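Asks: sequence and predicted structure are below.
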Amino acid sequence: MTPGDKTRRTDLREQRRRRQHGCWDQLIVAPLWVAYEANLGTLLRSCDAVGACMAVPSTDHYHRALDRGDTLPRWPHVHWVRRSKLGWIAEQRETSRIVAVELAEDATPLTRLAAAPGRTVVLLGHEHHGVPAEAGDLIDEVLEIPMVGQGASLNVAVAGSLVLYRLAGLM
């Protein structure tokens, strides 16, 4: 690597950014039931990469997780849910399509998912229990990530990142 290579990389990075990140424009990921703190920092980094925002409960668990796991200099993409999770989802449903990443009959495979046509909220469930059944009536579409291995699911940060990239139209 020559000294000019670093400058060229910086220039390329700036040229490839279409616009400044704007939260709540189109794509929101909502890991409302996540247990493992490390997943949240990783997912927040993916939000930054695709221009999405993250909505999380305003609890000590989530504040602590983002304090520890975030590698960004600030949290411009985090919005705190200060009411019941189901109440927040119902409110979002008035203006957004609600997509849950979950194993379910008639789920849409990730490979058939198109870029988000409008404002979309992606629900991610608990690492072991998924999205609670009581959220079912608030969900517009269930999305499944096809797997050929023996595992039943992916790490929530990996699953959320794949879905965000797909909905953002970046893959």
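Replies: Great, that's in hand.
Asks: now do the strands in the chain.
Replies: Using DSSP state E, the strands of the chain run over 27-30, 53-57, 78-81, 97-101, 108-109, 120-124, 141-144.
Asks: does anything pack onto the fourth one? Which helices or strands?
Replies: For strand 97-101, the contact count by 3 or more CB pairs under 8 Å, 6 or more residues apart in numbering; DSSP states H and E identifies strand 120-124, strand 141-144, helix 156-167 as packing neighbours. Yep, even glycine has a C-beta here, placed from its N, CA and C like the rest.
Asks: parallel or antiparallel, list what pairs with the first one.
Replies: For strand 120-124, the pairing partners within the sheet under DSSP bridges are strand 27-30 (parallel), strand 97-101 (parallel).
Asks: export those strands to a markdown table and tack on mean neighbour count, distance to residue 163 and mean pLDDT?
Replies: Listed next are the strands paired with strand 120-124 as a markdown table, based on neighbours: other CB atoms under 10 Å; distance: least, CB to CB, whole Å; pLDDT from 0 to 100:
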| stretch | mean neighbour count | distance to residue 163 | mean pLDDT |
| --- | --- | --- | --- |
| strand 27-30 | 26 | 8 | 94 |
| strand 97-101 | 22 | 6 | 96 |
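Asks: just the helices and strands packed on strand 97-101: most buried one?
Replies: strand 120-124 (a mean of 25; mean count of other CB atoms under 10 Å).
Asks: run the chain-centre distance for that strand.
Replies: 7 Å (CA atoms, centre = their mean, to the nearest Å).
Asks: picking up where we left off before, and of the helices and strands packed on strand 97-101, who's closest to residue 113?
Replies: When the helices and strands packed on strand 97-101 are compared by CB to CB, helix 156-167 sits nearest residue 113, at 5.2 Å.
Asks: identify the bridge partners of residue 56.
Replies: Going by DSSP bridges, residue 56 is paired in beta bridges with residue 80.
Asks: quick revisit: now the strands paired with strand 120-124 in TSV, with distance to residue 139?
Replies: Below are the strands paired with strand 120-124 laid out as TSV (distance: least, CB to CB, whole Å):
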stretch	distance to residue 139
strand 27-30	12
strand 97-101	5
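Asks: and the residue nearest the centre of the chain?
Replies: Nearest residue to the geometric centre of the chain (CA atoms, centre = their mean): residue 29, 3.3 Å.
Asks: give me the pLDDT value at the closest residue to it other than its chain neighbours.
Replies: Leaving aside its chain neighbours, residue 29 sits nearest to residue 122 (4.7 Å; criterion: CB to CB, 6 or more residues apart in numbering). With respect to pLDDT, residue 122 has a value of 97.
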